[in-house]
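Participant: Prediction below, plus the sequence it came from.
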Amino acid sequence: MSTVLRVRAPASTANIGPAFDCAGAALDLWNELEISEGSGIVVTGEGAAELQADPDHLALRAFAALASVEGRRFVFHNRIPLERGLGSSAATIALGLAAAAALGSEPVSPHRLLELALEFEDHPDNLAPALLGGACVAWHGGGACSARRLADDLPLAPIVVIPPTRVSTVEARSALPEQLSFTDAAHSAGRAAMLGAAVARGDASLFARSLDDRLHEPYRGSLSLPFAALRDELPPGAQGVTISGSGPTVIVWADRADVEGCVRELVPRFPDARVLAARISPTGAGVVA
């Protein structure tokens, strides 16, 4: 049975410190989908024993928004771990939409893809980089959601530390306070502005200084043991640490020349975690040549 189409979609890290619910970046960690003539659904890799291998699979529901699933066989190769704050569901939605768009006779705009994706998940800070690649900002306004791709890369390199434990979005949201002090709100707004300026300028020093969040990370830190430990003691060469999405995964942001040294220190320090020297992917979901 020959493959008709092969597509992939990246993991993403959202929030990036103070940019809560509005910024995200695509990571070079991919889920793939192969579509061929026939029938059936196969899931391999991460979540294979628990994800639905039926028409209710999230990617198939997204695919069906643009094309028929009839007469097609879907084989998923998952590398993005579930409920770790790496946008696994956003990547799954992006896979389905990118595949259906590729098989259609008319092009589908990125804006329309994001609009469709939001019907399945209300996390544009993950969906935008999964679809567009690079570093993105997303916002709600006027009854709609918009997103812009800001840059191919970020000023510091991401090292991904993935604990074995899981944290659901609901659990992470419940840890947040209903109110913030004016001082903390102003602090985080200022750091978010600094983050945008650092991305626009490619300024590593400003990027590192922007990561001091008071909006969500102080309250979610207890859900991520690596975050608490790393915030107190970064490895040499690292410039900051952020909780990735809802956690518990954290991103250690390092100077590019120091990535290997940081990884060497992090691996024995967190023996139960997966430590990946990653990079920001400049491309989002699309067809694999």
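Facilitator: Yes, it's here. Just so it is clear, the structure is predicted and the values come from calculations on it, not from any experiment.

Participant: Could you use CA atoms for every contact and neighbour count after this?
Facilitator: Fine.

Participant: Helix, strand or coil: sort out L51 for me.
Facilitator: Counting by DSSP: H, G, I helix; E, B strand; the rest coil, the backbone at L51 sits in coil.

Participant: In this structure, which helix is the longest?
Facilitator: Longest helix in the chain by number of residues, with DSSP state H as the criterion: helix 182-201.

Participant: So which elements touch the helix or strand just after that one?
Facilitator: As assigned by DSSP states H and E, the chain's next helix or strand after helix 182-201 is helix 204-210. Under the contact criterion of 3 or more C-alpha pairs under 8 Å, 6 or more residues apart in numbering; DSSP states H and E, helix 204-210 touches helix 182-201.

Participant: where do the helices sit along this protein?
Facilitator: 58-63, 88-103, 110-117, 124-132, 169-174, 182-201, 204-210, 217-220, 225-232, 259-269.

Participant: Quick one: work out the angle between the fourth one and helix 88-103.
Facilitator: It refers to helix 124-132. Here helix 124-132 points in a direction 40 degrees away from that of helix 88-103 (axes from the mean of the first three to the mean of the last three C-alpha atoms, to 10 degrees).

Participant: go on, the last one?
Facilitator: Taking the same axes, to 10 degrees, one finds that helix 259-269 is oriented at 130 degrees with respect to helix 88-103.

Participant: Now render the helices of the chain as CSV, adding mean pLDDT.
Facilitator: Shown next, in CSV, are the helices of the chain (pLDDT from 0 to 100):
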stretch, mean pLDDT
helix 58-63, 96
helix 88-103, 96
helix 110-117, 92
helix 124-132, 96
helix 169-174, 82
helix 182-201, 94
helix 204-210, 96
helix 217-220, 87
helix 225-232, 90
helix 259-269, 96
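
Participant: so which of those gets nearest I280?
Facilitator: Nearest to I280 among the helices of the chain is helix 124-132; the distance by C-alpha to C-alpha comes to 9.9 Å.

Participant: which other residues reach that closest one?
Facilitator: Under the contact criterion C-alpha atoms under 8 Å, 6 or more residues apart in numbering, helix 124-132 has outside partners 9-15, 21-26, 87, 90-91, 94, 98, 110, 113-114, 117-118, 135-139, 145, 147-149, 283-285.

Participant: Deepest in the core, which of the helices of the chain is it.
Facilitator: Of these, the one with the most neighbours on average (mean count of other C-alpha atoms under 10 Å) is helix 124-132, at a mean of 33.

Participant: Redo the helices of the chain as JSON lines? Include distance to V275.
Facilitator: Shown next, in JSON lines, are the helices of the chain (distance: least, C-alpha to C-alpha, whole Å):
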{"stretch": "helix 58-63", "distance to V275": "27"}
{"stretch": "helix 88-103", "distance to V275": "17"}
{"stretch": "helix 110-117", "distance to V275": "30"}
{"stretch": "helix 124-132", "distance to V275": "21"}
{"stretch": "helix 169-174", "distance to V275": "22"}
{"stretch": "helix 182-201", "distance to V275": "24"}
{"stretch": "helix 204-210", "distance to V275": "20"}
{"stretch": "helix 217-220", "distance to V275": "21"}
{"stretch": "helix 225-232", "distance to V275": "11"}
{"stretch": "helix 259-269", "distance to V275": "6"}
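
Participant: Nice, that's everything, thank you.
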